[in-house]
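Enquirer: Attaching a predicted model along with its sequence, questions to come.
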Amino acid sequence: MADMKTVGVWAFIIGIIIALLVGILAANMVAYMGTISAVVVILGLVVGILNVTEKEVTNFVIAAIGLATGAIAIANLGPLLPKGIGDMITTTFTVFSVFVAGAVFVPALKAVYKISKD
């Protein structure tokens, strides 16, 4: 089980690095955003499945809601900033919010299932 936890940790680190790199290279990455988004969602799903225990679900979902909301708010500031910086901010935080959405999906689904069956 420790090996799977390690995979989840690495998926988290790689997801964050991808969000940062894509943001920095925003102008050159537009053609690949579909593929990048799919990879980041899959990494997020791996994080959500392997890193979140039953006991952590509620706190994780709450934290993820905050992270996603904050990331989307910051991404929306991009158009207000100078073009190059604004594109980097928008792309970085959009990709990060997609990553968080993937990570929270399975734990949130588990929470909804648990609530509905009780």
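Expert: That came through, no problem.

Enquirer: most centrally placed residue in the protein?
Expert: residue 99 (1.8 Å; Cα atoms, centre = their mean).

Enquirer: tell me which element it falls in.
Expert: If you go by DSSP states H and E, residue 99 is part of helix 83-117.

Enquirer: Any buried residues in that helix, and which?
Expert: 86-108, 110-111 (16 or more other Cβ atoms under 10 Å). No exception for glycine: its C-beta is placed from N, CA and C like everyone else's.

Enquirer: contacts for the lowest-mean-pLDDT helix or strand in the chain?
Expert: The helix or strand of the chain with the lowest confidence, counting by mean pLDDT, DSSP states H and E, is helix 26-29 at a mean of 76. The contact list for helix 26-29 (Cβ atoms under 8 Å, 6 or more residues apart in numbering) reads 22, 36, 84, 87, 88, 90, 91, 92.

Enquirer: cutoff 6 Å now
Expert: With Cβ atoms under 6 Å, 6 or more residues apart in numbering as the test, helix 26-29 has contacts from 22, 87, 88, 91.

Enquirer: what does stretch 89-98 give?
Expert: 19, 22, 23, 26, 37, 40, 68, 71, 72, 74, 75, 78.

Enquirer: What separation is there between residue 54 and residue 111?
Expert: Counting by Cβ to Cβ, to the nearest Å, the gap from residue 54 to residue 111 is 10 Å.

Enquirer: ugh, wrong one, residue 3
Expert: Noted for residue 3: a distance of 26 Å to residue 111, by Cβ to Cβ.

Enquirer: One more: residue 17?
Expert: For residue 17 relative to residue 111 (Cβ to Cβ), the value is 28 Å.
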